[in-house]
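[1] Here is a sequence together with a model predicted from it:
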Amino acid sequence: MNTAFDSKTKVAVAMSGGVDSSVTAALMIKEFGQKNVLGLTMKLFCYGEKVKEKNCCSLDAIDDARSVCQKLGIAHYVVDVEKEFEKEVIDNFVSEYEKGRTPNPCIRCNKLIKFDHLLKKARDYGADTLATGHYAKIKRNGSEYTLLKGEDLSKDQSYFLYNLDQKSLQHTLFPLGELKKSDVRKIAGEYDLVTAQKVESQDICFIPRTVGEFLAGKINLKQGKIVDKAGKFYGEHKGLALYTIGQRKGLGGGFPESMFVVGFNRDKRELIIGPENELFGDKLSLEKVSWISANKPKLPLKCTAKIRYQTDEAACLVVDNNKRISVEFDDAQKAITPGQSVVFYQKDRVIGGGMISG
């Protein structure tokens with residue numbers, strides 16, 4: 001745990017209504033005392049059709065968070081960040097898809113909503129520190145803060161936190177970083193919390209059904225041709241924004257082999273498909289690069305990187321190519337997708353990352 005705090009620290013816990021944030025609150029009370037801990041739950045948007053029941057942002061989730069706080073004997077507040085979330089996350093999500101990119105809204109939400117707006121709100125309630133249920137660790141060495149992977153690598157969430165800066169890390173606690181998920185559920189059971197066996201939400205919180213259905217109500221979709229790299233015609237697509245690199249479903253049939261989305265020709269409104277081998281590449285360029293350390297690392301830098309959350313780390317070289325940061329992988333990577341984030345690691349330490357351009 002971040003060791004920059006003492007027993008007088010007042011902590012606001014980001015309460016999502018799930019088991020992880022519930023146990024985070026219990027551990028913070030044990031560490032800092034009941035009178036120094038409070039719970040904050042974000043109201044991200046108007047409810048009803050927009051979210052499923054039991055989703056991390058539903059009314060049920062707010063009720064669960066409130067119930068946990070009552071059980072633990074701490075104050076609970078609902079913080080309205082609807083306007084900020086709409087602007088910074090939802091509008092950006094739609095805009096990125098319109099540009100033919102595939103964003104990760106959780107990364108943007110962590111940076112701009114949780115560790116910016118929510119931290120500011122926490123200070124309004126007298127708290128100087130925000131604790132969350134992320135599976136990651138923060139280590140302090142003098143005035144420098146380092147972000148590390150969580151102990152439970154199957155739940156490690158450091159990927160989503162690569163763009164936090166030193167100021168954010170200074171005022172943040174990740175008490176679950178040393179725990180396994182099974183330990184967290186056990187602790188929740190010991191405290192008899194209503195969230196002890198609650199199923200985790202795996203969906204994007206503001207999308208009630210599918211991404212395609214959501215975007216269809218936001219974007220003026222225009223049909224176009226499905227072609228291969230040689231220009232051979234295979235059919236019509238329903239709108240480029242509904243497709244992403246590596247996608248296989250929704251392309252129709254009758255192909256001589258399995259075909260995947262491998263690119264876009266936006267000028268001609270063409271969806272480019274090809275066999276699996278055309279998905280592989282060993283180089284990419286980045287934009288919006290962020291480094292954890294206050295001092296930018298010296299480039300070129302040898303490290304490992306993940307090109308999306310659910311992939312293994314791969315050895316690479318990060319280079320400064322005429323003021324554009326590029327990544328060169330030792331082995332070709334599958335489905336390098338513009339809009340997704342690449343995160344750099346050195347063993348269990350997060351170095352930083354950026355967004356794939358294109």
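    On my side now, so go ahead. No experiment lies behind these values; they were computed from the predicted model shown.

[2] Tell me the secondary structure at the residue lying closest to Asp116 once chain neighbours are set aside.
    For Asp116, ignoring the flanking residues on the chain, the nearest one in space by Cβ to Cβ, 6 or more residues apart in numbering is Ser168 at 7.8 Å. C-beta coordinates here come from the backbone N, C-alpha and C atoms, glycine included. On the three-state scheme (DSSP: H, G, I helix; E, B strand; the rest coil), Ser168 is labelled helix.

[3] okay, now the domains of the protein?
    As recorded under automatic domain parsing, the domains making up the chain are 11-190, 220-274, 280-356.

[4] from these, which stretch is densest packed?
    Across those, averaging neighbours per residue (mean count of other Cβ atoms under 10 Å) puts domain 11-190 on top, at a mean of 19.

[5] re the thing from before, please produce CSV containing the domains of the chain, extended by mean pLDDT.
    Conversion of these to CSV gives the following (pLDDT from 0 to 100):
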stretch, mean pLDDT
domain 11-190, 93
domain 220-274, 94
domain 280-356, 96
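
[6] is it possible to export the ones you listed to a markdown table including distance to Thr210?
    Formatted as a markdown table, the entries for the domains of the chain read as follows, by distance: least, Cβ to Cβ, whole Å:
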| stretch | distance to Thr210 |
| --- | --- |
| domain 11-190 | 12 |
| domain 220-274 | 10 |
| domain 280-356 | 18 |
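
[7] between the ones you listed, which one is nearest to Arg209?
    Taking Cβ to Cβ as the criterion, Arg209 comes closest to domain 11-190 out of the domains of the chain, the separation being 8.8 Å.

[8] if you go through the stretch 251-358 of the chain in chain order, where are the strands?
    For the stretch 251-358 of the chain, strands defined by DSSP state E, counting those that start in this stretch occupy the ranges 260-265, 270-274, 280-291, 301-306, 314-321, 324-334, 341-346, 349-356.

[9] List the strands paired with the shortest one, with their directions.
    It refers to strand 270-274. strand 224-227 (parallel), strand 260-265 (antiparallel) (DSSP bridges).

[10] what does the last one give?
    Each strand that pairs with strand 349-356, with its direction, by DSSP bridges: strand 144-149 (antiparallel), strand 280-291 (antiparallel), strand 341-346 (antiparallel).

[11] hang on, the earlier thing: just put the strands of the stretch 251-358 of the chain in TSV and tack on distance to Thr172.
    Shown next, in TSV, are those (distance: least, Cβ to Cβ, whole Å):
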stretch	distance to Thr172
strand 260-265	38
strand 270-274	42
strand 280-291	16
strand 301-306	22
strand 314-321	25
strand 324-334	26
strand 341-346	18
strand 349-356	14
